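[1] sequence plus predicted model, see below.
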Amino acid sequence: MAHKISRIELLPLLFLSGLLFPETVKFALSTGGITSGCFESEREALAKLKGGFTDPSGRLASWVGKDCCKWRGIVCSNLTGRVVEINLHNPYVDDNLSSDLKPGQALGGEINPSLLDVKELNYLDLSMNNFGGTELPGFIGSLKQLRYLNLSGVSFGGMIPPISGPEQLFCESSQNDLLWLPSLSSLRYLNLGAIDLSKAADHWLQAINSLPSLVELRLPNCFLSKLPLSLPFINVTSLEVLDLSRNNFNSASPRWLFNLTRLIHLDLNSNSLGGELPDKFANLASLQELDMSQNSYLEGRLPKSLGSLCDMSVLKLSANRITGEITDFISGLARCNDSKLENLDLGINELSGVVTEHHLANLSSLTDLDLYKLSLNISLAFNITPGWIPPFKLKYLKIRSCQLGPEFPTWLRNQNELKTVVLNNAKILGTIPDWFLQLNLQLDELDVGDNRLTGEPPTSLMFVDDQSNVDLSSNLYEGPLPMWSSNVTTLYLRGNRFSGPIPPNIGELMPYMTDLDLSRNDLNGTIPLSIGNMASLTTLVISNNFLSGEIPRFWSNLSLLYILDMSNNSLSGPIPSEICRLSNLHIVDLSHNKLSGSIPLCIGNLTGLKVELTDVDTERYQGRLTVVAKGRFVQYDQSILYLVNSLDLSDNRLSGEIPGALTSLVRLWTLNLSMNHFTGKIPIDIGNLEWLETLDLSNNSLSGPLPPSMTALTKLNHLNLSYNDLSGKIPTANQFLTLNDPSIYEGNVGLCGIPLPELCPGDEKQPQSPDDGDRNGKSEDGGDDLEYLWLILSIGLGFFVGFWGVCGTLIIKKSWREAYYGYVDRMKNKLAAIIACQMD
């Protein structure tokens, strides 16, 4: 007993000496069982914990030796030497599971009860491992010192046991109904991101509302779907961080939200919230970050109250349906004498109005400004006085379809920290000034497309990002084709007046190119062989130039190619069979050239035209492309282009038969082989192309009947078979009932049947066209005409008898007429008396 008391009396001294001489504490505690910097009981507990795990990648290989404080993922207290932290988070996958979780990288097995012997453990992270659905052991709730517990992404099964200690909880279970939450009354931080909480969709908010100490709540991408508009009472008034993004909520902004007056961070992006932005945002005076971008039905004007939140540093409202004047909102920003606003993202809306330097004068912290519009309609203008110097230093500037011109904006003269510069469709004329080129910018993107810029292209600008973008499309640049540094990976120069050959060393200068669009210029010469060095190329668009020579055979290294457009040039020679190896191709346009020979028999190897498009395909192409579809030119941008599967070989000198392998490209939308010299029959299995919407085989020398399988093309809405040597009867089933324009089949003297005037052998008369009404038809025995005549006579006779039987009698017989009108007068007087009584 005396020994214990002496230890207690020495504690203050021990604490002081621990601050001054940590080694003294280490020596004093050695009498309690600690040797070589680690308690023996905790070392044995950790060894048993390791024994319960499966560790295929050897991540726990360092868990050997006597000093467990040096083991990987183990942290000991500097004061007591006790193990206080175990961090076994899987480093091979991020918290959003955006990378693949491979079985050979994750810990598995079970959690050994020896963990209870680590008595001062306050931090436990086993996230992003794989425990294969085993139940989370109940003894986890007995770790009383635990303040941080992260079990997200670990694939535990069963119910989550009562856990009373943690202030921060990141947890996952196969039964995520949140019914266990009320037992965690002291919980301060809760992150269940990317966990399926659909079982709790009806009561998740009530469960959260039972946590009065909650400061931070993150439930992104949890499949909640239901966002209650009201609550009987608010119990989470301490909440400072609320993340409910990507849950597909489809309601208006909930009223209880504006009672959380301590909110600093609010993220509701990527839902389907609707209605107008409420003025009640003014209640959230502490709000610093607000993200309500990408909500399908959020509309109306920008509330002035948002501009009055002077502590706001991040405001993201992009990709909504917000319309109207920006003036009230931005005037509110101007009234903040010390605005904290750093990031203002209002892109992909339809705002209007005029922005002046007065509106921007107090935004000294602004670094990111996004006013990018998808439409070409200009409704927002900048009216900045020349010579005005902004108080801010922008790093990210993205403006499209806003009036900035006619001169290049001079208020950018001091913006020497810019990384991203997008001034697209801004009505800018003339040249890019020298002062901009001399800012020594280190850019990752320059987009000045859709203006009327002239002069020298800005090739002196430096690009430092490994995936930089340059877009000078649709301007008035001319001269030789400009080149940039090797880290420029997307280059859009379409729609200018560049002339001369494509530099023969383009593939050496820019080998990491992913998107190259040189269309609609005046380029000539041959296609450089060095393009074959661009192993990452996904888009090659060099259409509408004056290129000549044969298509090079450099395709073996371009396995990622997604779009190939060489149309409207003077290319000659055969189609290289090596193109068949490009399994990722979805758009092939070689039309309007002088290509000869036959279609390669390996055409069926283009597997990109056989398979359904995936989410990966949706992210591949970021440009625009004009495709001939449905009989007209259609321009697709990145929002829809990934869906297009097209093969266009029209207006060449190709010959031979159409290979049957073509019918295996079952995901084709558009097939155009018109204006060539193809012979033989239409492939008998062409009906396999069930997704085909456009088919043009016109102006060839095809013969024989239309294959019966063509009636299986139920999505076909544009067909042209004119000017061939086809024969036989035109089908009358499925889509052919709507394809009733005679011009589709004209120039084929052997074709007969609807909608052509020529009858097929065996037909006694021309069948009735679907557009002809029954009124134009006649039965073979003339019976229909007789019945029609009797119908007319019956109606006429009935009208004559009925009308003159009543009206004629009143006209001829005076007594009947007086009696009738007398009866009408009496009824009128009675009705007037009834109405008068009711009014009294």
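    All right, it came through fine.

[2] can you report how many residues lie near the residue nearest to residue 111 when sequence neighbours are not counted?
    Leaving aside its sequence neighbours, residue 111 sits nearest to residue 137 (CB to CB, 6 or more residues apart in numbering; 5.4 Å). For the C-beta atoms, the positions are set from N, CA and C on the backbone; glycine is no exception. When neighbours are defined as other CB atoms under 10 Å, residue 137 has 17 of them.

[3] ok, the residue nearest to residue 412 when sequence neighbours are not counted to residue 218 distance?
    Sequence neighbours aside, residue 436 is the residue nearest to residue 412 in space, at 6.5 Å (criterion: CB to CB, 6+ apart). Distance, residue 436 to residue 218, using CB to CB, to the nearest Å: 42 Å.

[4] how about the strands in the stretch 651-800 of the chain?
    653-657, 670-672, 677-681, 694-696, 701-704, 718-720, 725-729, 750-752 (DSSP state E, counting those that start in this stretch).

[5] would CSV of those strands with distance to residue 304 and mean pLDDT be doable?
    What follows is the strands of the stretch 651-800 of the chain, written out as CSV (distance: least, CB to CB, whole Å; pLDDT from 0 to 100):
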stretch, distance to residue 304, mean pLDDT
strand 653-657, 64, 96
strand 670-672, 49, 95
strand 677-681, 66, 96
strand 694-696, 50, 95
strand 701-704, 67, 96
strand 718-720, 51, 94
strand 725-729, 68, 94
strand 750-752, 68, 92
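
[6] tell me which of the ones you listed lies nearest to residue 182.
    Residue 182 sits nearest to strand 670-672 of all the strands of the stretch 651-800 of the chain, at 58.2 Å, using CB to CB.

[7] now do the helices in this protein.
    For the chain, helices defined by DSSP state H occupy the ranges 2-20, 22-29, 40-52, 204-208, 304-307, 327-334, 357-360, 434-437, 506-509, 783-803, 809-812, 814-839.

[8] alpha carbons only: can I get stretch 372-390 in PDB?
    Backbone C-alpha positions of stretch 372-390 (Å, rounded to 0.1, in the frame of the first residue of the first chain) are rendered in PDB as follows:
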ATOM      1  CA  TYR A 372     -18.600  29.600 -68.500                       C
ATOM      2  CA  LYS A 373     -21.800  29.200 -70.600                       C
ATOM      3  CA  LEU A 374     -22.700  26.300 -72.800                       C
ATOM      4  CA  SER A 375     -24.900  28.300 -75.200                       C
ATOM      5  CA  LEU A 376     -23.400  30.700 -77.700                       C
ATOM      6  CA  ASN A 377     -25.900  33.400 -76.700                       C
ATOM      7  CA  ILE A 378     -24.200  36.400 -75.100                       C
ATOM      8  CA  SER A 379     -26.300  37.900 -72.300                       C
ATOM      9  CA  LEU A 380     -23.600  38.900 -69.800                       C
ATOM     10  CA  ALA A 381     -21.000  41.600 -70.400                       C
ATOM     11  CA  PHE A 382     -17.900  43.100 -68.700                       C
ATOM     12  CA  ASN A 383     -17.700  46.800 -68.900                       C
ATOM     13  CA  ILE A 384     -14.300  47.500 -67.300                       C
ATOM     14  CA  THR A 385     -12.600  50.800 -67.500                       C
ATOM     15  CA  PRO A 386      -9.300  50.500 -69.400                       C
ATOM     16  CA  GLY A 387      -6.400  50.800 -67.000                       C
ATOM     17  CA  TRP A 388      -8.300  49.500 -64.000                       C
ATOM     18  CA  ILE A 389      -6.000  47.300 -61.900                       C
ATOM     19  CA  PRO A 390      -7.800  44.500 -59.900                       C
END
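
[9] list the buried ones in it?
    When burial is assessed from 16 or more other CB atoms under 10 Å, stretch 372-390 yields the following buried residues: 372, 373, 378, 379, 380, 381, 382, 384, 390.

[10] from the middle of its chain, how far away would that stretch be?
    Counting by CA atoms, centre = their mean, to the nearest Å, stretch 372-390 is centred 27 Å from the centre of its parent chain.

[11] do stretch 488-497 as well
    Chain-centre distance of stretch 488-497: 24 Å, with CA atoms, centre = their mean.

[12] got the contact list for that stretch?
    Stretch 488-497 is touched from outside by 449, 463, 466-478, 481-482, 484, 510, 512-522, 536, 541, 622-623, with contacts defined as CB atoms under 8 Å, 6 or more residues apart in numbering.

[13] and the residues you listed, which are buried?
    Looks like those have 449, 463, 468-475, 477, 481-482, 484, 510, 512-521, 536, 541, 622-623 buried, using 16+ other CB under 10 Å.

[14] hang on, the earlier thing: the residue nearest to residue 111 and residue 114 touch, don't they?
    No. Proximity of residue 137 to residue 114 does not meet the contact threshold set by CB atoms under 8 Å, at 11.3 Å.
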